[in-house]
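A.B. asks: attaching a predicted model along with its sequence, questions to come.
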Amino acid sequence: MSGSSLRLRRLFDATSHRSFMVAFDRTLAGGPEPYAVDSAATVTAIAAAGADAILLSPGLIKQHGHLLAYRGGPAIVCRVDFPFIAGFARGRGEEFRVIARAEEAVALGADALVMFLILGHEEQRTWGTNVEAVARTAEAARRVGVPLIVEAVPWGSQAPDPRDPQLVATAVRIAAELGADAVKTEYVGDLASMRDVVAGCPVPVLVLGGPTVDDVGALVGFTADALAAGARGVIYGRNVWQRTDSALVSARLRAVVHGGADAT
Ligand SMILES: O=C[C@H](O)COP(=O)(O)O
C-alpha cells in the first residue's frame with residue numbers, strides 16, 4: 001500500500017469507514033469572520049467537537065497545529081491553493097493560485113492536501129492552468145506519500161448551476177482521473193442523482209457544506225441522504241463553526257456520519 005493510501009485511511013473512522021471533517025480554511029481568503037475572529041479558539045472548538053480531520057491554511061497549521069497534536073486528535077488537512085473568488089466572502093469564482101507544495105504541507109505536519117478543480121471556466125487558459133496545477137500537485141503528493149483531496153465543483157462563471165448533477169459528476173471524475181485520492185463536492189440535491197455522482201467516481205466522495213443552513217433538521221437530513229447515496233463523509237465549514245449551536249450541531253452531524261443515528 002502506498003503512503004498516500006495509508007494516510008488517506010487515517011482520515012476515516014476504523015469502524016464506519018466514514019469521516020466527519022471540518023473545514024476551517026475559509027478565513028484564508030475571507031479574513032476574520034463571525035465566530036472565527038479568534039482562530040485558536042475556533043480550532044480548539046472544532047477539535048473538541050470530535051472532528052476526524054480539520055482543514056486549515058498553511059499559516060494556521062503553523063500557528064495552531066500544536067493544539068491538535070495529541071493521541072486521538074483530528075488529522076490535519078492543508079489547503080494548498082488560494083481561491084481568487086471576488087471574495088471567498090462574496091461568491092464563487094474560478095481563479096486560484098497554488099500557495100504550498102506537497103513537501104511544504106507535509107513539513108508543516110499535514111496528513112492530506114486539498115485544492116480546487118473548478119469546472120466552468122470562462123477561458124480555456126485558466127481551465128488549463130487549473131488542470132495542470134491539480135495534476136502537478138497529485139504527482140508531488142504521490143511522490144511525498146500524502147493524499148490529495150480535490151474540491152471538484154462546477155463553480156465557474158460558465159457553469160449554469162453549481163449543483164447540476166451531470167456537471168458535478170464530470171468534475172469529480174476529472175479530478176479522480178487527474179490523480180485525486182478523494183474528492184470534495186456538492187450534494188446535488190437528491191439521493192438518486194447523488195448515487196450517480198458517487199457511482200462514476202472511483203475515489204471516495206466527501207460532501208461540502210457551504211453557507212450556514214439555519215434549519216438543522218434540513219442540514220442533518222441532506223447529510224444523511226448524501227451518505228445513503230454512498231458519500232464517505234462530509235467536509236463542512238460554516239455549518240459547523242459559524243453558528244451559536246455549534247457543539248450541538250457537530251454532535252448530531254458526527255452521529256449521522258458514523259451511523260447509529262437517524263436524521264431526526
Ligand atoms: O471550500 C470551501 C471551504 O472549505 C469552506 O467551507 P464551507 O463553505 O463549508 O464554509
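C.D. replies: Happy to help now that I have it. No experiment lies behind these values; they were computed from the predicted model shown. Numbering: from 1, shown residues only.

A.B. asks: looking at this protein, which residue is nearest the ligand?
C.D. replies: Using C-beta to the nearest ligand atom, the closest approach of the chain to the ligand is made by residue 237 at 2.6 Å. The C-beta positions use only the backbone N, C-alpha and C, and glycine is treated the same way.

A.B. asks: tell me what the closest residue to that residue other than its chain neighbours is bridged to.
C.D. replies: Using C-beta to C-beta, 6 or more residues apart in numbering and skipping residues adjacent in sequence, the residue nearest residue 237 is residue 23, 3.6 Å away. Residue 23 forms beta bridges with residue 55, as assigned by DSSP bridges.

A.B. asks: burial of residue 62, as a residue count?
C.D. replies: Neighbour count of residue 62, defined by other C-beta atoms under 10 Å: 12.

A.B. asks: quick one, what contacts it?
C.D. replies: Under the criterion of C-beta atoms under 8 Å, 6 or more residues apart in numbering, the contact list for residue 62 reads residue 108.

A.B. asks: surely it is within a helix?
C.D. replies: Yes - according to DSSP: H, G, I helix; E, B strand; the rest coil, residue 62 belongs to a helix.

A.B. asks: look up how far residue 157 lies from the residue nearest to residue 237.
C.D. replies: Distance, residue 23 to residue 157, by C-beta to C-beta, to the nearest Å: 23 Å.

A.B. asks: ok, residue 223 - how many residues close by?
C.D. replies: That count, for residue 223 with other C-beta under 10 Å as the rule, works out to 25.

A.B. asks: again, but for residue 125
C.D. replies: 9.

A.B. asks: now do the helices in the stretch 151-264 of the chain.
C.D. replies: Counting by DSSP state H, counting those that start in this stretch, the stretch 151-264 of the chain has helices at residues 165-178, 191-199, 216-228, 238-241, 246-257.

A.B. asks: quick check: which of those is buried the most?
C.D. replies: Mean neighbour count (mean count of other C-beta atoms under 10 Å) peaks for helix 238-241 among the helices of the stretch 151-264 of the chain, with a mean of 24.

A.B. asks: which residues are contacting that one?
C.D. replies: Contacts of helix 238-241 (C-beta under 8 Å, 6+ apart): 22, 24, 26, 35-36, 42, 45-46, 49, 51, 209-213, 219, 246, 249-250, 253.

A.B. asks: same thing but at 7 Å, please
C.D. replies: The contact list for helix 238-241 (C-beta atoms under 7 Å, 6 or more residues apart in numbering) reads 22, 24, 26, 35-36, 42, 45-46, 49, 209, 211-213, 219, 246, 249-250.

A.B. asks: list buried residues within those.
C.D. replies: 22, 24, 26, 35-36, 42, 45-46, 49, 209, 212-213, 219, 246, 249-250 (16 or more other C-beta atoms under 10 Å).

A.B. asks: just give me the closest of those to residue 59.
C.D. replies: residue 24 (11.9 Å; C-beta to C-beta).

A.B. asks: what sits against that closest one?
C.D. replies: 42-43, 46, 54-56, 237, 241.

A.B. asks: any chance of these in JSON lines, plus distance to residue 134?
C.D. replies: Listed next are those as JSON lines, based on distance: C-beta to C-beta, whole Å:
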{"residue": "42", "distance to residue 134": "28"}
{"residue": "43", "distance to residue 134": "27"}
{"residue": "46", "distance to residue 134": "26"}
{"residue": "54", "distance to residue 134": "22"}
{"residue": "55", "distance to residue 134": "17"}
{"residue": "56", "distance to residue 134": "20"}
{"residue": "237", "distance to residue 134": "21"}
{"residue": "241", "distance to residue 134": "27"}
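
A.B. asks: by how many degrees do the longest helix along the chain and helix 165-178 diverge?
C.D. replies: For the chain, the helix with the greatest residue count under DSSP state H is helix 124-144. Angle, helix 124-144 to helix 165-178, by axes from the mean of the first three to the mean of the last three C-alpha atoms, to 10 degrees: 50 degrees.

A.B. asks: list of residues touching helix 124-144?
C.D. replies: 4, 80, 94-96, 98, 101-103, 106, 113, 115, 117-118, 121, 147-148, 150, 175, 178-180.
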